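Peer 1: Fold the following.
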Amino acid sequence: MRRRLIQSTLAVVLVVIAVFGVSLVIVETRTITESARERVESEAVRLASIVDSRLIVEDQVTAEILSNQVTEDRYAVIRIPGKPPIEVGTEPDGDVISASAPGEEGETVTVQEPRSSVTREVGRTLLIIGLVALLAVIAAVLLAIRQANRLASPLTDLAETAERLGSGDPRPRHRRYGVPELDRVADVLDRSAERIARMLTAERRLAADASHQLRTPLTALSMRLEEITLTDDPDTVKEEATIALTQVERLTDVVERLLTNSRDPRTGSAVTFDLDDVIQQQLAEWRPAYRSAGRAIVTSGKRHLRAVGTPGAVAQVLAALIENSLMHGGGTVALRTRVTGNQVVVEVTDEGPGIPADLGSRIFERAISGHNSTGIGLAVARDLAEADGGRLEMLQAKPAVFGLFLSRTPPDRSREDEGRQTVR
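Peer 2: Predicted structure coming up:
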C-alpha cells in the first residue's frame with residue numbers, strides 16, 4: 001500500500017509539473033526572445049541619436065568614436081548617404097536578432113545580436129525551472145512517504161488487532177489514529193473485543209460452575225452405585241436405585257440451571273414447594289459422606305413450611321452450604337428452619353473454626369477462599385438464590401452460620417407483567 005500511495009502521488013506531481021512546466025518554458029522562451037529584440041531595437045535607436053548628434057556638431061562619425069557605445073556581443077552598421085558604411089564590432093555568424101533605426105540626417109543604424117545569447121538565457125531559465133521541478137518532486141516524495149506511513153501504519157496496527165482477536169486475546173487496545181474512517185474501524189474492533197471478552201468470560205464461568213456444581217451430585221451418585229454393587233439384598237438395591245434415579249434427576253436439573261444462568265442469570269422459575277422435602281433429600285444424600293468423615297448432619301426448627309423458589313436451585317444452594325461445612329467446618333452440621341416476617345429462613349451451621357477475619361463479607365466473591373479451594377461454590381449459591389428472588393447471607397462468622405432467605409408469598413405475576421409493559 002505504501003508503494004501505491006507513493007507512486008500515485010508521484011504520478012500526479014509529475015503530470016502537474018509536465019503540464020505547467022511546458023507551458024512555463026514556452027512562455028519564458030517567448031518572453032526572453034521578445035525582450036532581446038526590444039533591447040536590440042532600443043540599442044539601434046540610441047546609436048542613431050548619437051550619430052545624429054555627431055553629424056550635427058562635427059559632421060564626422062568614425063568607428064573609433066562609436067566603439068565604446070556598442071557592447072562586445074553586438075555588431076552595428078551605420079550607413080550615411082554619400083559615405084562608406086561604418087562597422088562597429090565583429091559581425092556574428094549564424095542566426096542573429098537584427099533591428100534598424102533611421103536617423104534625422106538620413107543615416108540608417110542597424111544593430112545585430114547573435115541569437116546564441118538568447119539561447120543561453122533560455123537555457124538558464126530552463127535550468128532554474130528544472131531545479132524547481134526537482135525540488136517539487138522531492139517534496140512530493142517526502143510528503144507521499146509521510147502520508148503513506150500515516151495511513152499504512154494504522155492499517156497494519158488494525159490488522160494486528162484483528163489477528164489478536166482471532167488468536168483468543170480479546171483485550172481492546174483503545175488506539176485512535178486521527179483519521180475518521182480508521183478510528184471508526186478501531187471502534188468496531190474494540191466493541192467486538194469487549195463482546196468476545198464477555199462471551200469468553202461467560203464460557204469460562206459456565207465451565208467453572210459446571211465443574212463445581214456437577215461434582216457433588218456425581219460423587220453422591222457414585223456412592224449410591226457403589227452401595228448397589230456391594231449388596232445382594234433386592235430391597236436395598238431397589239432403595240438405592242430409587243435414590244440414584246432421584247440424584248440423576250437432580251443432576252439434570254443442575255445442568256439445566258447452569259445453562260439457563262449462562263444465558264440470563266436473572267431467569268428463574270419460582271414455584272411454591274414444600275421445604276421439608278428439599279431438606280430431607282439433602283440429608284439423605286449427604287449422610288453417607290458425613291458418616292465416612294465421622295461426623296453428623298441434623299435438622300431442626302419448624303416443619304411443614306412452604307417457600308417460593310425453584311426446588312432444584314434451593315437444593316443446589318443447600319448442597320453448596322453443606323459441602324462447604326463438610327470441607328471447611330467441623331463437628332455436627334445443623335440445618336435449622338425458622339420464619340421471620342414473610343420469609344422462610346434455612347440456617348446452616350457447624351462447630352468448626354468459622355470464617356477467617358480477613359475474608360469477611362468477601363466470602364461470596366468468586367475465587368475467594370480461605371482453604372485453597374476454587375472459591376466458586378458460595379458465589380454460585382448466592383446467584384442461584386437471587387435468581388428466584390431470595391438471598392443468601394452470612395449471619396455469623398464464628399462459628400459460621402449461613403442463612404438462605406426465601407419468600408413465603410408467590411410473586412404477583414400480573415403486576416410483573418404490567419411493570420414489564422410499562423418499561424417497554
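Peer 1: so where do the strands sit in the stretch 1-150 of the chain?
Peer 2: Along the stretch 1-150 of the chain, counting by DSSP state E, counting those that start in this stretch, strands occupy 75-79, 86-88, 96-102, 108-114.
Peer 1: same question but for the stretch 151-300 of the chain, I mixed them up
Peer 2: Counting by DSSP E, counting those that start in this stretch, the stretch 151-300 of the chain has strands at residues 271-274, 297-301.
Peer 1: Turn those strands into JSON lines, including mean pLDDT.
Peer 2: Output for the strands of the stretch 151-300 of the chain, formatted as JSON lines (pLDDT from 0 to 100):
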{"stretch": "strand 271-274", "mean pLDDT": "88"}
{"stretch": "strand 297-301", "mean pLDDT": "92"}
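Peer 1: Please, where are all the helices along the stretch 151-300 of the chain?
Peer 2: For the stretch 151-300 of the chain, the helices defined by DSSP state H, counting those that start in this stretch occupy 180-230, 234-263, 275-292.
Peer 1: Buried residues, the last one. List them.
Peer 2: If I follow you right, that is helix 275-292. Buried residues in helix 275-292, counted by 16 or more other C-beta atoms under 10 Å: 275, 278-279, 281-283, 285-286, 289-290. In this view, the C-beta of every residue, glycine as well, is placed from N, C-alpha and C.
Peer 1: Looking at those residues, point me to the pair that's furthest apart.
Peer 2: Greatest spatial distance among the buried residues of helix 275-292 (C-beta to C-beta): Leu275 and Ala289, at 21.9 Å.
Peer 1: From Ala241, how far off is Pro234?
Peer 2: 10 Å (C-beta to C-beta, to the nearest Å).
Peer 1: what do you get for Ile322?
Peer 2: As for Ile322, its distance to Ala241 is 23 Å (criterion: C-beta to C-beta).
Peer 1: Between those two, which has more neighbouring residues?
Peer 2: With neighbours defined as other C-beta atoms under 10 Å, Ile322 and Ala241 compare such that Ile322 has more, 23 against 14.
Peer 1: who touches the more buried one in this structure?
Peer 2: 282, 286, 297, 333, 335, 348 (C-beta atoms under 8 Å, 6 or more residues apart in numbering).
Peer 1: repeat for Ala140
Peer 2: With C-beta under 8 Å, 6+ apart, Ala140 has these contacts: 9-10, 12-13.
Peer 1: Could you identify the most distant pair in those?
Peer 2: For the contacts of Ala140, the farthest-apart pair by C-beta to C-beta is Leu10 and Val12; their separation is 7.4 Å.
Peer 1: Who are the contact partners of Arg173?
Peer 2: Neighbouring residues of Arg173 by C-beta under 8 Å, 6+ apart: 161, 186, 189-190, 193.
Peer 1: Closest to Val118 out of these?
Peer 2: Ala186 (61.1 Å).
Peer 1: how near is the closest one to Asp157?
Peer 2: 9 Å.
Peer 1: My reading is that Gly330 lies in a strand. Confirm?
Peer 2: No - assigned with DSSP: H, G, I helix; E, B strand; the rest coil, Gly330 falls outside any strand and is coil.
Peer 1: and it, how far is that from Leu283?
Peer 2: Remark: distance between Gly330 and Leu283 (C-beta to C-beta) = 19 Å.
Peer 1: One more: Arg46?
Peer 2: Taken as C-beta to C-beta, the span from Arg46 to Leu283 is 133 Å.
Peer 1: and if you look at Leu182?
Peer 2: Leu182 is 64 Å from Leu283, by C-beta to C-beta.
Peer 1: ok, now Met199?
Peer 2: Using C-beta to C-beta, one obtains 39 Å as the distance from Met199 to Leu283.
Peer 1: One more: Ser222?
Peer 2: For Ser222, the distance to Leu283 equals 19 Å [C-beta to C-beta].
Peer 1: What of Gly331?
Peer 2: Applying C-beta to C-beta, the value for Gly331 to Leu283 is 16 Å.
Peer 1: and if you look at Leu134?
Peer 2: According to C-beta to C-beta, Leu134 and Leu283 sit 96 Å apart.
Peer 1: Show me where the protein dips below the pLDDT cut-off.
Peer 2: Applying pLDDT under 70 to the chain flags the ranges 1-2, 57-59, 200-217, 253-254, 256-269, 360-361, 366-376, 410-424.
Peer 1: Tell me the backbone dihedrals of the residue of it most remote from its centre, please.
Peer 2: Distance from the C-alpha centroid of the chain, by C-alpha atoms, centre = their mean, peaks at Gly82 (98.6 Å). Note on Gly82: its backbone torsions stand at phi 80, psi 0 [degrees, to the nearest 10].
Peer 1: What of the one 10 residues further on?
Peer 2: Reported as degrees, to the nearest 10, the phi and psi values for Pro92 are phi -70, psi 150.
Peer 1: mind checking which of the strands of the stretch 1-150 of the chain is nearest Ala387?
Peer 2: For those, the distance to Ala387 is smallest for strand 96-102, at 104.2 Å, taking C-beta to C-beta.
Peer 1: Please name every helix or strand in contact with the closest one.
Peer 2: helix 2-57, strand 108-114, helix 115-166 (3 or more C-beta pairs under 8 Å, 6 or more residues apart in numbering; DSSP states H and E).
Peer 1: who's in contact with that strand?
Peer 2: Residues outside strand 96-102 that contact it (C-beta under 8 Å, 6+ apart): 33, 36-37, 40-41, 43-45, 47-48, 75, 108-115, 118.
Peer 1: Now with 7 Å, please.
Peer 2: Identification of contacts with strand 96-102 by C-beta atoms under 7 Å, 6 or more residues apart in numbering yields 36-37, 40-41, 44-45, 48, 108-115, 118.
Peer 1: Identify the farthest-apart pair in the residues you listed.
Peer 2: Going by C-beta to C-beta, the pair spanning the contacts of strand 96-102 furthest: Thr108 and Val118, at 24.0 Å.
Peer 1: okay, the angle between the one helix or strand Phe402 maps to and helix 275-292?
Peer 2: Using DSSP states H and E, Phe402 falls within strand 401-407. Orientation of strand 401-407 against helix 275-292 (axes from the mean of the first three to the mean of the last three C-alpha atoms, to 10 degrees) gives an angle of 160 degrees.
Peer 1: what about dumping the CA coordinates of strand 401-407 to PDB?
Peer 2: Coordinates of each C-alpha in strand 401-407 appear next as PDB, following Å, rounded to 0.1, in the frame of the first residue of the first chain:
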ATOM      1  CA  VAL A 401     -23.800 -19.500  60.100                       C
ATOM      2  CA  PHE A 402     -25.300 -19.000  56.700                       C
ATOM      3  CA  GLY A 403     -28.900 -18.100  56.100                       C
ATOM      4  CA  LEU A 404     -31.000 -18.800  53.000                       C
ATOM      5  CA  PHE A 405     -33.900 -16.400  52.900                       C
ATOM      6  CA  LEU A 406     -36.900 -17.500  50.800                       C
ATOM      7  CA  SER A 407     -40.300 -15.700  50.300                       C
END
